[in-house]
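A.B. asks: Show me the folded form of this:
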Amino acid sequence: MGTIQIDGSTPKLTIGNATAEDATILFDGAAQDFYIALDDSADDLLIGLGSTVGTTPIIAIDENKLSTFSGAITVGVDDTGHDVKFFGATASAYMLWDESADDLILAGAAGLTVAGATALNGDVTLGGTTPTLTIGDAGAEDTKIVFDGNAQDFHIGLDDSADDLVIGLGSSLGTTAHIICDEAGHVTMPLQPCFCATPGGSDINVNSNDHTVQFSVERFDLNADYNTGTYTFTAPVTGKYFMSMMFSHQDIVDNYCKVDFVSSNKTYTTYHEAGENSPINTMHYHAVIDMDASDTVYVNVNTEDDTNWNIRANEGQFSGYLVA
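C.D. replies: Numbering: from 1, shown residues only. So this is what the prediction gives:
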């Protein structure tokens, strides 16, 4: 049989006679067969692979106009696409693949909800008059942004149990906190270089007119930069450091003493009136000094001629911290 032509003003081809049976148009190919058919038991219109209705459906349309695609869907070809638009239940809310702009657009009230992990490999811009990025849904859980570096990772996160905003090292929230801001606005930096040391528990008998003051007992040392054996602070990073020292002495006969912050880059000096024939007096000195990483600083006192005097126990301190 050759070509079949159905003419007339309203030509129609009817397959089936309203009985409970499948009705099929079969395309009998050399390598593959396809069919368009009514699956009468399911009340579905099918387009499928093969010659048997229902065996390998590709598209199924049911009586409620619900369409099911069993394979991948390609719209257009590479370098020549088409707009694809999905409307929502709210007026003017839709998702549009705009082929000319190469953009996926969520318009109107349309939003995006992602339940699983999402990888974004390009820039992200939040537009609008008051753009907001919200992380979390008011649940009792930590939330964070992780910066995944080659050698080091960092994070910014909410420690929900402590109600603290934390900036720290690594990808795990709270493991190595560098900056902590609490709900009252207090900001602490637990690893910021900061130390305080005092003279030992007994008076130090000084038998020299040129003496390194022995601040041998730590009160605190946040970043473990102070050495109680050498009485020195070692800068962990290059920066400007505020240094302060104060101690009580007795039995200095000279009128004055020279007090130094002896650092690797420069010696910072002040002169102090010792108080001639005064049994007890106090020396104090403050300075902001520049230090390179691994530079050291300690306190030295020179009494010029006096070689028999004492630094009083537990009175005074040598302290410092990173300013900038």
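
A.B. asks: Against which helices or strands is the helix-or-strand element of the chain with minimal mean pLDDT packed?
C.D. replies: Ranking every helix and strand in the chain by mean pLDDT, DSSP states H and E puts strand 204-206 at the bottom, with a mean of 79. With contacts defined as 3 or more Cβ pairs under 8 Å, 6 or more residues apart in numbering; DSSP states H and E, strand 204-206 has these neighbours: strand 309-322. Using the backbone N, CA and C atoms, a C-beta is placed for each residue, glycine as well.

A.B. asks: quick one: buried residues of stretch 32-39?
C.D. replies: 34-39 (16 or more other Cβ atoms under 10 Å).

A.B. asks: For Gln152, report the pLDDT, please.
C.D. replies: Looking at Gln152, its pLDDT stands at 94.

A.B. asks: separation between the spatially most central residue of the chain and Thr143?
C.D. replies: Geometric centre of the chain, nearest residue: His155, 2.6 Å, by Cα atoms, centre = their mean. Distance from His155 to Thr143, counting by Cβ to Cβ, to the nearest Å: 10 Å.

A.B. asks: Flag every buried residue along the helix or strand where the residue nearest to the centre of the chain lies.
C.D. replies: Using DSSP states H and E, His155 maps to strand 153-159. Buried residues in strand 153-159, counted by 16+ other Cβ under 10 Å: 154-159.

A.B. asks: and what of stretch 9-26?
C.D. replies: Using 16+ other Cβ under 10 Å as the test for burial, stretch 9-26 gives 22-24.

A.B. asks: go on, stretch 93-107?
C.D. replies: 94-97.

A.B. asks: So which of these are in strands?
C.D. replies: Among the buried residues of stretch 93-107, the residues falling in strands (DSSP state E) are 94-97.

A.B. asks: Leu112 touches Leu106, doesn't it?
C.D. replies: Yes - when contacts are counted by Cβ atoms under 8 Å, Leu112 is listed as touching Leu106 (6.0 Å).

A.B. asks: Return the distance of stretch 23-31 from the chain's centre.
C.D. replies: 59 Å (Cα atoms, centre = their mean, to the nearest Å).

A.B. asks: same check, this time on stretch 108-124
C.D. replies: 18 Å.

A.B. asks: what does stretch 298-306 give?
C.D. replies: 49 Å.

A.B. asks: can you give me the offset of the least confident helix or strand of the chain from its chain's centre?
C.D. replies: 52 Å.

A.B. asks: Also stretch 143-155?
C.D. replies: With Cα atoms, centre = their mean, you get 5 Å for stretch 143-155.

A.B. asks: picking that back up, hmm, who's touching the strand holding His155?
C.D. replies: 135-136, 142-147, 164-174 (Cβ atoms under 8 Å, 6 or more residues apart in numbering).
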